[in-house]
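Enquirer: sequence first, predicted coordinates after that:
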Amino acid sequence: MVERLDRFWRIVATGFCFVVFGVGALLLHGLLFPLFALMPWSRTRRQTISRDVIHYALRGFLWLMAALGVIQYECRNVDRLRRAGLLIVANHPSLIDAVFLMALTRGADCVVKAELASNPFTRGTVRATGWIRNDCGGAAMVDDCIASLRAGSSLIIFPEGTRTRPGEPPRLQRGAANVAVRGGFDLTPVVIRCEPPTLTKGEKWYRVPPRRPRFVIDVHPDLEVAQWVPDGIEAVQAVRRLTHSLSDYFSREIRRESA
């Protein structure tokens, strides 16, 4: 009986959190960000302030989810994200992975799906923050990512491009490796685990797991591209080799945490 009541509460609380997220996004899009546009600030200044607003708003949103008992979470080695110009790469088991990373990384840039720019709940945020859309073409997107990092922003990329289905190994695309190889950046890997799985690809929000899910967000030490890619090989081969090595890295670390 207690378990049923707990599960029912988490369904209600999850729905409430989605409503709060949607209403908050609409308020930012309809009120706050248009106000910023009227200020005599440069485009860079507006984007910086907008990203800070998102950062603190998402920190509050995570607090709300934990306070209502929807999730519990542990963040490890977060101090590693308090540096500028990081190329942050993470696995993607759940819908709210980006919420965690943006809440933990102040002023971060992010590569986002193109449909978020047309979604009424998120398009204002994408426009105000200047986040990089993934539909601008491979080379153009890589150039935008490199420019963002060289300007001092930290950049969040989910190399899989979409959420991993439970039980499947991560399948990485080459975008993050392209940025690292062509821009000469180290990688800051973040391994995300969620047990039991929740908000996975194709799963309805009300399909809550039998017990409260626990997220562990573990920021690992930086990885140098040179440790996986020898000098002297062509960029295309380097990108392919780095993508493969990074995929193995995430698979290995996820298995290790699960053991």
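Expert: Thanks, I have the structure now. Quantities reported herein were computed from a predicted structural model and do not represent experimental measurements.
Enquirer: so which elements touch the helix or strand harbouring R4?
Expert: According to DSSP states H and E, R4 maps onto helix 2-27. Here helix 2-27 touches helix 43-67, going by 3 or more Cβ pairs under 8 Å, 6 or more residues apart in numbering; DSSP states H and E. (Each C-beta comes from the backbone N, C-alpha and C, glycine too.)
Enquirer: and the helix it packs on, what's its mean pLDDT?
Expert: Summarised as a single mean, pLDDT over helix 43-67 is 96.
Enquirer: mind listing what's buried in that helix?
Expert: Using 16 or more other Cβ atoms under 10 Å as the test for burial, helix 43-67 gives 46-51, 53-55, 57-59, 61-62, 65.
Enquirer: and the closest residue to P166 other than its chain neighbours, which of the three is it?
Expert: Leaving aside its chain neighbours, P166 sits nearest to P197 (4.5 Å; criterion: Cβ to Cβ, 6 or more residues apart in numbering). With DSSP: H, G, I helix; E, B strand; the rest coil as the basis, P197 sits in coil.
Enquirer: middle-most residue in this structure, spatially?
Expert: Centroid-nearest residue in the chain, with Cα atoms, centre = their mean: A98, separated by 2.8 Å.
Enquirer: separation between that one and I157?
Expert: Going from A98 to I157 by Cβ to Cβ, to the nearest Å gives 10 Å.
Enquirer: can you check L149 too?
Expert: Distance, L149 to I157, using Cβ to Cβ: 11 Å.
Enquirer: common neighbours of those two, please.
Expert: Residues touching both L149 and I157 by Cβ atoms under 8 Å, 6 or more residues apart in numbering: L87, V179.
Enquirer: neighbour count winner among these two?
Expert: Shown here are L149 and I157; by other Cβ atoms under 10 Å, I157 has more neighbours (24 against 21).
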